[in-house]
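*Asks:* this one's sequence-less:
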Ligand SMILES: Nc1ncnc2c1ncn2[C@@H]1O[C@H](COP(=O)(O)OP(=O)(O)O)[C@@H](O)[C@H]1O
Ligand SMILES: [Mg+2]
């Protein structure tokens with residue numbers, strides 16, 4: 001079975017051995033010479049909610065991760081395992097019940113649905129929107145917007161109305177908005193969910209290219225699509241509210257494949 005065809009629902013979190021987290025350093029090759037610059041760190045992060053009936057429901061359990069600066073990492077795992085909750089905690093949108101979080105600033109969280117993010121009529125105005133907070137001349141704004149759109153391959157769309165763009169193009173404009181604000185960390189939640197394959201590749205490549213051109217921008221990309229792992233410098237694999245594995249993409253791919261085949265052996269025995 002190819003990894004492309006793998007289905008997380010066939011994996012059984014309850015029976016999975018919880019592998020200890022490797023020492024908190026990346027095993028992934030670094031694009032930068034300096035690997036010790038950490039852009040994102042979570043240490044024993046837990047998050048729980050209390051229902052209206054007063055029941056305590058743990059959602060994240062002692063999650064630890066460490067992501068070096070300048071890299072593209074993926075956060076993977078089956079639906080409902082806690083990826084979005086962890087990402088929102090890293091973005092500062094939710095407060096952890098326990099544990100410690102560090103994320104280099106400025107940071108930006110990009111939504112899953114592009115229509116929840118892009119707000120202004122033209123691409124240019126949209127990307128310039130966040131720059132209103134900073135004291136810049138018109139020329140500086142123009143040049144930052146152009147550079148950011150160029151990084152995501154959308155410069156030729158500068159004057160276009162946003163509503164004429166495809167979903168993937170809107171996501172790329174949202175990423176350009178974060179780049180124009182000089183964000184050092186991009187927290188990207190399942191950006192390719194609503195996209196066709198073409199648009200999906202466009203968004204992943206835009207993130208890759210912008211990391212290549214800036215060197216010190218770090219991205220954490222949440223996905224449930226295993227095939228996206230091939231674009232990553234490193235990955236974090238979660239199940240049932242826990243970080244099960246953390247490291248280089250090929251080890252994570254191997255781990256998921258071996259779980260899949262042991263599950264198939266079990267149901268065939
Ligand atoms: N505010 C909330 N109230 C109740 N349950 C929640 C809340 N937020 C998340 N959950 C539950 O926590 C689990 C993890 O959710 P989520 O982080 O969205 O997972 P993922 O992004 O991996 O699909 C799911 O079972 C979800 O139903
Ligand atoms: Mg989610």
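*Replies:* Great, that's in hand. Just so it is clear, the model here is predicted, and its values are computed rather than measured. Ligands and ions are numbered 1, 2, ... in the order given.

*Asks:* So, low pLDDT: which residues of the protein?
*Replies:* Residue ranges of the chain with pLDDT under 70: 1-36, 114, 117-119, 263-264, 266-269.

*Asks:* can you map out the helices along the stretch 101-250 of the chain?
*Replies:* Residue ranges of the helices in the stretch 101-250 of the chain, as given by DSSP state H, counting those that start in this stretch, are 123-128, 138-151, 167-180, 197-214, 249-268.

*Asks:* so which of those is the most packed in?
*Replies:* For those, the largest average neighbour count (mean count of other C-beta atoms under 10 Å) is found in helix 167-180, namely a mean of 26. Just so you know, the C-beta spots here come from the backbone N, C-alpha and C atoms, and that holds for glycine as well.

*Asks:* who does it touch, helix- and strand-wise?
*Replies:* strand 107-110, helix 123-128, helix 138-151, strand 185-189, helix 197-214 (3 or more C-beta pairs under 8 Å, 6 or more residues apart in numbering; DSSP states H and E).

*Asks:* closest one to ligand 1 among those?
*Replies:* Nearest to ligand 1 among the helices and strands packed on helix 167-180 is strand 185-189; the distance by C-beta to the nearest ligand atom comes to 7.5 Å.

*Asks:* Partner strands of the closest one and their direction?
*Replies:* Applying DSSP bridges to the sheet, strand 185-189 is found paired with strand 107-110 (parallel), strand 218-223 (parallel).

*Asks:* Identify the residues contacting that strand?
*Replies:* Identification of contacts with strand 185-189 by C-beta atoms under 8 Å, 6 or more residues apart in numbering yields 39-40, 83-84, 87, 90-91, 103-112, 175, 178, 207, 217-222.

*Asks:* possible to save the strands paired with strand 185-189 as JSON lines with mean neighbour count and distance to ligand 1?
*Replies:* Output for the strands paired with strand 185-189, formatted as JSON lines (neighbours: other C-beta atoms under 10 Å; distance: least, C-beta to the nearest ligand atom, whole Å):
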{"stretch": "strand 107-110", "mean neighbour count": "21", "distance to ligand 1": "13"}
{"stretch": "strand 218-223", "mean neighbour count": "26", "distance to ligand 1": "7"}
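
*Asks:* Pairing partners for the residue positioned nearest the centre of the chain in the sheet, please.
*Replies:* The centre of the chain sits closest to residue 221, judged by C-alpha atoms, centre = their mean, with a distance of 1.8 Å. When assigned by DSSP bridges, residue 221 has beta-bridge partners residue 74, residue 188.

*Asks:* Spit out the contact partners of it.
*Replies:* With contact taken as C-beta under 8 Å, 6+ apart, residue 221 is in contact with 72-75, 188, 191, 204, 207, 228, 232.

*Asks:* could you redo the helices and strands packed on helix 167-180 as CSV and give each row distance to residue 161?
*Replies:* Shown next, in CSV, are those (distance: least, C-beta to C-beta, whole Å):
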stretch, distance to residue 161
strand 107-110, 20
helix 123-128, 8
helix 138-151, 15
strand 185-189, 24
helix 197-214, 18
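
*Asks:* So which of the ones you listed is nearest residue 248?
*Replies:* Among the helices and strands packed on helix 167-180, helix 197-214 comes nearest to residue 248, with 16.7 Å by C-beta to C-beta.

*Asks:* Please enumerate residues in contact with the closest one?
*Replies:* The contact list for helix 197-214, computed with C-beta under 8 Å, 6+ apart, reads 31, 70-72, 151-154, 166-169, 171-172, 175, 179, 186, 188, 191-192, 195, 217-219, 221, 228, 231.
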